[in-house]
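Engineer: this one's sequence-less:
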């Protein structure tokens, strides 16, 4: 077991300023005061592209755009103008498993602007005229993504890895579906999923937690226009996802490429299997976490087989993936793939040495700790781990969990998930006359 006490702070659970509660309407509330002159409110909803019926593919992302088009109390653009006027920032994103909205503002502006964000999210008007205007924006976004070779390759990869899951569909949807959507369908989708019991509100900043809570509660009492409280049950995939999929190879040609791309991927477990995702994340850093990592040092720095190399994991509710991606000359494809397979097999056959595991665990833990010093990132972590992972312990004890990872666990995860016989291989080649 590797423990680096000089690197790891005390558990955040010991922080007296961290308050975790559930409101009467079902919304989860996570509040923390920290000594920085800013406040972030981050709203996480358990709704993304994966819960969309196929005939509404892309509606969750389109709805994210429409949230900022006003409510009964706020005209389109009024909220963004207020954020800009006070020097704050706002943003939102939609993924397969979630939608997130957040603002970072000065403490003095929290009482005014936090309720206004909640008002937009929960009381969105989705006006017809703005809907038609924003449809054109979303359609242009889809076209731009189709013109981007990295996006095209990712779509091919998603279809390869997640062929039996809704993750194989693009989050943006298609031009055909978005072109046929109407505002009534979106209002129903909003009513069904944008419910208090389907959201976590995380607030981190320099205000006392009692003051933060009073602002949030005042919104529910004064400004919330509730829909019927619908019990959500996101649709399950048509068949249970399987890990033991046979090796699949796919080759595409992309005229925009100058170098070939090679992506080796493996299906991993669902997001609820937190331990495997932590261990596989550390393994990804062992293999591709910097110039001295195994794959980068061997394939890129020493043998010069590739120009770029990265290793990472994708953690999602229904299933995740472990990926090794390279940009390289076409003539190096076969030898580079063989080299990666040899390194993967070695991890499954030999225990990682203590010094190497300790170095990587320290790097991973420190990256989390340093990022967690900002209210924005800390609120992001609280909301994501509470609402999407459904395991807030990971946000509170992440460095300690990393420190407890052992070499036998690394070996076990490699043996369980990274079998060469279940590898999915995507090769993207530049066009050649």
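Structural biologist: Noted; the coordinates are in hand. All figures in this text were calculated on a predicted structure; none of them were measured in a lab.
Engineer: residue contacts, residue 368?
Structural biologist: 398-399, 402 (Cβ atoms under 8 Å, 6 or more residues apart in numbering). Any C-beta I mention is one placed from the backbone N, CA and C, and that applies to glycine too.
Engineer: Name the residues of the helix or strand that contains it that are buried.
Structural biologist: For residue 368, the host element (DSSP states H and E) is helix 354-371. Within helix 354-371, the residues scored as buried using 16 or more other Cβ atoms under 10 Å are 357-365, 368.
Engineer: Can you spell out which helices and strands pack onto the helix or strand following it?
Structural biologist: Next helix or strand after helix 354-371 toward the C-terminus (DSSP H and E): helix 375-383. In this structure, helix 375-383 packs against strand 28-33, strand 39-45, strand 99-105, strand 199-205, helix 393-403, with contacts taken as 3 or more Cβ pairs under 8 Å, 6 or more residues apart in numbering; DSSP states H and E.
Engineer: try 10 Å this time
Structural biologist: Packing partners of helix 375-383 (3 or more Cβ pairs under 10 Å, 6 or more residues apart in numbering; DSSP states H and E): strand 18-22, strand 28-33, strand 39-45, strand 99-105, strand 199-205, helix 354-371, helix 393-403.
Engineer: Relative to residue 168, which of these is closest?
Structural biologist: Each of the helices and strands packed on helix 375-383 was scored for nearness to residue 168 using Cβ to Cβ, and the closest is strand 99-105 (19.5 Å).
Engineer: Quickly list what the closest residue to residue 380 other than its chain neighbours is bridged to.
Structural biologist: Once flanking residues are discounted, residue 380 sits nearest to residue 42: 5.6 Å by Cβ to Cβ, 6 or more residues apart in numbering. When assigned by DSSP bridges, residue 42 has beta-bridge partners residue 102, residue 202.
Engineer: Pretty sure residue 42 sits against residue 29.
Structural biologist: No - taking contacts as Cβ atoms under 10 Å, residue 42 lies outside contact range of residue 29: 11.7 Å.
Engineer: Those two: which is more packed in?
Structural biologist: Neighbour tally, residue 42 and residue 29, criterion other Cβ atoms under 10 Å: the higher count belongs to residue 42, 27 against 20.
Engineer: ok so, going back, which among the buried residues of helix 354-371 gets closest to residue 313?
Structural biologist: Using Cβ to Cβ, the buried residues of helix 354-371 come closest to residue 313 at residue 364, 11.9 Å.
Engineer: buried stuff in the host helix or strand of residue 214?
Structural biologist: Element membership of residue 214 [criterion: DSSP H and E] is helix 209-222. Under the neighbour-count criterion of 16+ other Cβ under 10 Å, helix 209-222 has 209, 212-213, 215-216, 219-220 buried.
Engineer: Low-confidence bits of the stretch 301-433 of the chain, can you list those?
Structural biologist: Within the stretch 301-433 of the chain, the segments meeting pLDDT under 70 span 433.
Engineer: hang on, the earlier thing: can you add pLDDT and distance to residue 187 and give the buried residues of helix 209-222 back as CSV?
Structural biologist: Formatted as CSV, the buried residues of helix 209-222 follow (pLDDT from 0 to 100; distance: Cβ to Cβ, whole Å):
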residue, pLDDT, distance to residue 187
209, 97, 35
212, 97, 31
213, 97, 30
215, 97, 27
216, 97, 25
219, 95, 21
220, 93, 21
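Engineer: got CSV for these, with distance to residue 65 too?
Structural biologist: Converted to CSV, these look like this (distance: Cβ to Cβ, whole Å):
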residue, distance to residue 65
209, 32
212, 28
213, 30
215, 26
216, 25
219, 23
220, 25
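Engineer: need the contact list for the residue nearest to residue 303 when sequence neighbours are not counted.
Structural biologist: Distances taken as Cβ to Cβ, 6+ apart put residue 339 closest to residue 303, at 7.5 Å, once the chain neighbours are dropped. Taking Cβ atoms under 10 Å, 6 or more residues apart in numbering, we find residue 339 in contact with 295, 298-299, 303, 305-306, 326, 332.
Engineer: For residue 73, grab phi and psi.
Structural biologist: phi -100, psi -20 (degrees, to the nearest 10).
Engineer: Surely it is in contact with residue 116?
Structural biologist: Yes - the criterion here is Cβ under 10 Å, and residue 73 meets it with residue 116 at 8.1 Å.
Engineer: Give me the common contacts of those two.
Structural biologist: With Cβ under 10 Å, 6+ apart, residue 73 and residue 116 have common neighbours residue 223.
Engineer: Just to be sure, residue 334 is in a strand?
Structural biologist: No - under the criterion used here (DSSP: H, G, I helix; E, B strand; the rest coil), residue 334 is helix, not part of a strand.
Engineer: Buried ones in stretch 195-204, by neighbour count?
Structural biologist: Those would be 195-196, 198-204, for stretch 195-204 by 16+ other Cβ under 10 Å.
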